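In: quick one: sequence plus predicted model below, questions after.
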Amino acid sequence: MLFKLSLSNIRKSLRNYAIYFFTLIIGVSVFYVFNAIGGQAAMLKLSESQYEIIRLLESLLSGVSIFVACVLGLLIVYASRFLMKRRNKEFALYMTLGMSKSKISAILLTETILIGIGSLFVGLLIGIGLSQLMSALTASLFEVDMTAYQFTISSEAIVKTVVYFAVMYLVVMLFNSAVITRMKLIDLLQSGKKTEKIKLKNPVLCVLIFLVSAAALTYAYIQVGWHLVQLDQARFTLCIVLGCAATFFIFWSVSGMLLRIVMSMKNLFYRSLNAFTFRQISSKINTMVLSMTIICLMLFVTICTLASAFSIRNSLNSNLKEYCTADCEIVTMECDSENGDYALSNLYAAADLSLTDGFREYVHFITYADPSFTLSSVMGDILNQALEQDPMLKGNAWQEIIRISDYNALCQLYGKDTIALDDGEYVLLCNFNNQRQLFDKALANSPDMTIFGKTLHARYDRCQDGYIMIGAQALNFGIFVVPDDMIDPNYRYMEYLAGNYTADTDEEVISVEAEMRTRFHQAVEKWEKEHPDEDFIGSINTKKEIYESAVGLGAIVTFLGLYIGLVFLIACGAILALKELSESTDNQILQLR
């Protein structure tokens, strides 16, 4: 009997349940699609490092899924609360006919289970279909082909989706039961007769709160948008709290100011139906202050996550072409070496290995550092200002120095423009934006620098764009280029070898790169056996590895941005739809009266 009654209620309330049902379907499908990425990616031709990125992405998505489940859970509770209010008269009729509250709860429980099972089934079917399209997006983001792709269904994602949504439905059931328990027959019968009282707020207070809130919101936006680097965790949290609170109070104050301002304009307020219209608008704003605040904040997060995700990915792809211009780079530190044991040539020779086999062209060079030439020497009078602006800087940090001939040889290998220096001149290279701004202030008056006991003049009054290490982004924090004869060879700092492979095809690149890594690790292992009390400081970086890491990072932020953004868009759309449906139903009731 109760089951038939539940089916009948669903059919009668189909229009009300439609938004609830479709919201659940979209939520289930999105939840499945993003949690099935690992299973879909297994069908693609990915390298070992890309599989590691996929596994990291799965872990991150699992963590984000908890947050997403909370958002969807609150949305389901909100929708359920709306449906409960629509049915006050129905529940009053049940209670008048003698039905107990436990049986009413059983009816709602049955309806929730039926809607849940239906939405899960349909949502999973749609999700399985959409996940195949997600495979194409995954292949595009990781820049791999889909020749090994097969249609797959992720049982793990299905189980996770069913478990998460079962927990959400359980929460809804408990919520409905609690609401039914607190119901009173008199309140249910009179629910449609209650009218909302419009309370006029103090206009002076509203204006003051509006101005303070607008100022606080502007401050938060400026700090996050233009001074993010200078924000510590406490100030960043303060900006978030200010932004949320200010958004709420702006809507609250506007809801109070609007009607009072219009009422003061009597010629406008008492013309035609304006009095009724403006009161309706004011009432709508008053009742939607919290809803509009939540929607605005969710849309803000959606815009930020989606824009940031695609911006980071595009920036990484652009930077790869700009800063990853050699196939391989081997780096080791020279500053702690007394006898050149860290020198790459000696390192490989000690293991009877060739350093340069497999390179079609290469540049082998050393950079230097003068212990008396530090960041303090460069910054001069603005050192304290620089330290305040970037607390991570260290005044006693050595500055890396390179000979002009080595840098120009590297530029030719990278396909970049060379630079020219006259005797007694230097050029400061830097492309990391925040550091560059500080160096530009220091170079504004073309100051002289004392390097290895010799005074050099600045060729330019600004930093020049340049780098020596390949990478996925601009991370050159400052390198000084000086004439060859200015260098003291006793102060070696770092040793580099950068070059391009003899390989022409992808298969040849993989083979040569594997050989490069094998030789490097063999040389390091032999050195560590002979020097058990010392740590080797060095690394080998390749274009292929950098590309895969950067592409993987771009894919991670893209997926996370899409996941959070889509869920928040669904939530905003559902809240607005339920609100409009509620007002539409109220208007129909008024017309019937």
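Out: Done, it's in.

In: can you give me the helices for the stretch 51-200 of the chain?
Out: 88-96, 101-141, 155-182, 185-190 (DSSP state H, counting those that start in this stretch).

In: out of the ones you listed, nearest to R313?
Out: For R313, the closest of these is helix 101-141, at 7.6 Å, according to C-beta to C-beta. Every residue, glycine included, has its C-beta placed from N, CA and C.

In: which strands and helices sit next to the helix ranked longest in the chain?
Out: Secondary structure assigned by DSSP state H gives helix 543-592 as the longest helix of the chain. Helix 543-592 sits against helix 14-35, helix 48-86, helix 101-141, helix 289-323, helix 506-530, with contacts defined as 3 or more C-beta pairs under 8 Å, 6 or more residues apart in numbering; DSSP states H and E.

In: related to what we said a few turns ago, tabulate the helices of the stretch 51-200 of the chain (a markdown table), appending mean pLDDT, mean neighbour count and distance to V224.
Out: As requested, the helices of the stretch 51-200 of the chain are exported to a markdown table (pLDDT from 0 to 100; neighbours: other C-beta atoms under 10 Å; distance: least, C-beta to C-beta, whole Å):
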| stretch | mean pLDDT | mean neighbour count | distance to V224 |
| --- | --- | --- | --- |
| helix 88-96 | 77 | 16 | 44 |
| helix 101-141 | 81 | 18 | 27 |
| helix 155-182 | 83 | 16 | 32 |
| helix 185-190 | 66 | 13 | 45 |
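
In: can you redo those as TSV with distance to I570?
Out: Shown next, in TSV, are the helices of the stretch 51-200 of the chain (distance: least, C-beta to C-beta, whole Å):
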stretch	distance to I570
helix 88-96	27
helix 101-141	12
helix 155-182	14
helix 185-190	31
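
In: for those helices, which one sits closest to I222?
Out: Among the helices of the stretch 51-200 of the chain, the nearest to I222 by C-beta to C-beta is helix 101-141 (33.3 Å).

In: so the closest one versus helix 14-35, what angle?
Out: Note on geometry: by axes from the mean of the first three to the mean of the last three C-alpha atoms, to 10 degrees, helix 101-141 and helix 14-35 are set 40 degrees apart in direction.

In: can I see the domain layout of this structure?
Out: Domain assignment for the chain by automatic domain parsing gives 1-194, 326-547.

In: could I get the helices and strands packed on helix 543-592 as TSV with distance to Y414?
Out: Putting these into TSV (distance: least, C-beta to C-beta, whole Å) gives the following:
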stretch	distance to Y414
helix 14-35	39
helix 48-86	24
helix 101-141	27
helix 289-323	9
helix 506-530	18
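
In: can you say which of these is packed in most?
Out: Mean neighbours per residue, mean count of other C-beta atoms under 10 Å, is largest over the helices and strands packed on helix 543-592 for helix 14-35, with a mean of 21.

In: which strands or helices does that helix pack on?
Out: Packing partners of helix 14-35 (3+ C-beta pairs under 8 Å, 6+ apart): helix 48-86, helix 101-141, helix 155-182, helix 543-592.

In: off-centre distance for it?
Out: Relative to its parent chain, helix 14-35 has a centroid offset of 25 Å by C-alpha atoms, centre = their mean, to the nearest Å.

In: where do the strands sit along the stretch 301-450 of the chain?
Out: 328-333, 359-368, 400-403, 425-429, 449-451 (DSSP state E, counting those that start in this stretch).

In: using JSON lines, please lay out the ones you listed together with mean neighbour count and distance to K544.
Out: Formatted as JSON lines, those follow (neighbours: other C-beta atoms under 10 Å; distance: least, C-beta to C-beta, whole Å):
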{"stretch": "strand 328-333", "mean neighbour count": "21", "distance to K544": "9"}
{"stretch": "strand 359-368", "mean neighbour count": "19", "distance to K544": "15"}
{"stretch": "strand 400-403", "mean neighbour count": "21", "distance to K544": "26"}
{"stretch": "strand 425-429", "mean neighbour count": "21", "distance to K544": "26"}
{"stretch": "strand 449-451", "mean neighbour count": "18", "distance to K544": "37"}
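
In: about what we covered before: need the helices and strands packed on helix 14-35 in a markdown table (columns: distance to E508).
Out: Listed next are the helices and strands packed on helix 14-35 as a markdown table, based on distance: least, C-beta to C-beta, whole Å:
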| stretch | distance to E508 |
| --- | --- |
| helix 48-86 | 18 |
| helix 101-141 | 23 |
| helix 155-182 | 38 |
| helix 543-592 | 12 |
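
In: among those helices, which is nearest F210?
Out: F210 lies closest to helix 543-592 among these, at 23.7 Å (C-beta to C-beta).

In: between the closest one and helix 48-86, how many degrees?
Out: Going by the same axes, to 10 degrees, helix 543-592 is angled at 10 degrees with respect to helix 48-86.

In: which residues does F480 contact?
Out: By C-beta atoms under 8 Å, 6 or more residues apart in numbering, the contact set of F480 is 399-402, 426-429, 449, 451.

In: still on that earlier bit, which of the strands of the stretch 301-450 of the chain sits closest to I295?
Out: Per C-beta to C-beta, nearest to I295 of the strands of the stretch 301-450 of the chain: strand 425-429, 47.9 Å.

In: distance from that closest one to the middle of the chain?
Out: Strand 425-429 has its average C-alpha position 37 Å from the chain's average C-alpha position, going by C-alpha atoms, centre = their mean.

In: now that strand: average pLDDT?
Out: Averaging pLDDT along strand 425-429 yields 94.

In: just stretch 25-43 next, same as before
Out: The model assigns stretch 25-43 a mean pLDDT of 77.

In: ok now that stretch, how far from the chain's centre?
Out: Counting by C-alpha atoms, centre = their mean, stretch 25-43 is centred 19 Å from the centre of its parent chain.

In: cool, and stretch 66-83?
Out: With C-alpha atoms, centre = their mean, you get 23 Å for stretch 66-83.

In: ok, stretch 398-418 next?
Out: Distance of stretch 398-418 from the chain centroid (C-alpha atoms, centre = their mean) equals 35 Å.

In: and it, how far apart are its ends?
Out: Using C-alpha to C-alpha, to the nearest Å, one end of stretch 398-418 lies 25 Å from the other.

In: buried sites along that stretch?
Out: Neighbour counts using 16 or more other C-beta atoms under 10 Å place 398-404, 406-411, 413-414, 416 of stretch 398-418 among the buried residues.

In: ok, so of those, who is nearest I107?
Out: When those are compared for distance to I107 (C-beta to C-beta), Y414 wins out at 72.9 Å.

In: report the contact partners of the closest one.
Out: By C-beta under 8 Å, 6+ apart, Y414 lies in contact with 325-326.

In: offset the numbering so it begins at 52, please.
Out: Let's use 52 as the start, then, which means that last one is Y465.

In: and it, how close does it get to V478?
Out: Using C-beta to C-beta, to the nearest Å, one gets 16 Å for the distance from Y465 to V478.

In: equivalent analysis for Q524, please.
Out: Distance, Q524 to V478, using C-beta to C-beta: 22 Å.

In: F490 now?
Out: Where V478 is concerned, F490 sits at a distance of 11 Å (C-beta to C-beta).

In: now do H582
Out: Relative to V478, H582 is positioned 37 Å away (C-beta to C-beta).

In: check contacts around Y544.
Out: So Y544 contacts 384-386, 417-420, 449, 451-452 (C-beta under 8 Å, 6+ apart).

In: rerun at 10 Å
Out: For Y544, the contacting residues are 384-386, 417-421, 449-453, by C-beta atoms under 10 Å, 6 or more residues apart in numbering.

In: among these, which one lies nearest to G167?
Out: Nearest to G167 among the contacts of Y544, counting by C-beta to C-beta, is M384 at 60.7 Å.

In: the closest one - nearest residue in space that isn't next to it in sequence?
Out: Nearest residue to M384 in three dimensions, chain neighbours excluded: I588, at 4.0 Å (C-beta to C-beta, 6 or more residues apart in numbering).

In: quick check: phi and psi at that neighbour.
Out: When read as degrees, to the nearest 10, the backbone of I588 gives phi -110, psi 100.
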